[in-house]
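Visitor: predicted model, plus sequence, below.
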Amino acid sequence: MDYTRERQEAIDAGERALLSLRETRSQLAGARSLGVWDILGGGSFVSLFKHMKIDRARQAIDRARYDLQRFSRELSDIRMDLDIDIGGFLTAFDLMDNFFADIMVQSRIADATRRIDDAIYEVEDCLRRI
C-alpha cells in the first residue's frame, strides 16, 4: 500500500465532501430566507421559490451524503474513521401551505443547517488530522 497516495485520495475526497456540505448549507440558507418571507405572507411566488430551494437543498444533501460516504471509505484506507450522519431532510408535510406548516418547515431547515454545520466542522477537523 502506498500510504502517500492513499492519504492524498483521502484528502481529495474530504475536500469534495466539504464542497458538497458548503453547497448544502448555501441552499438551506436560501430556503430559510424564503421561508421567513413565506411565513410573513409572501404569497404563492415566494412559496414556489422556497419549494425550489428546498428541492435543491435535498439534492445537495444527497450529494453531500454520497461524498461523505466516499470520504469515509478513503479514510479507512489510512486507518482513520469518520462517523457523520447528516440525516434526512424535509418531508411532504410542507405540501400544506399554512402558517403552522411553514413554521415546522423552518424548524426542519434550522435543524438540517445545524447538522450540516456540525458535519463541516468534523470534516475540517479530520482533514487537519490527515
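Guide: Good, I have the coordinates. Residues are numbered from 1 along each chain as shown.
Visitor: neighbours of residue 98, how many?
Guide: 8 (other CB atoms under 10 Å). C-beta coordinates here come from the backbone N, C-alpha and C atoms, glycine included.
Visitor: distance of it relative to residue 84?
Guide: 34 Å (CB to CB, to the nearest Å).
Visitor: helix, strand or coil for residue 85?
Guide: Three-state assignment for residue 85 (DSSP: H, G, I helix; E, B strand; the rest coil): coil.
Visitor: tell me the average confidence for the longest helix along the chain?
Guide: Under DSSP state H, the helix in the chain containing the largest number of residues is helix 3-39. Averaging pLDDT along helix 3-39 gives 94.
Visitor: that helix: which residues count as buried?
Guide: Neighbour-count burial for helix 3-39, counted by 16 or more other CB atoms under 10 Å, picks out 6-7, 9-11, 13-14, 16-18, 20-21, 23-25, 27-28, 30-32, 34-35, 37-39.
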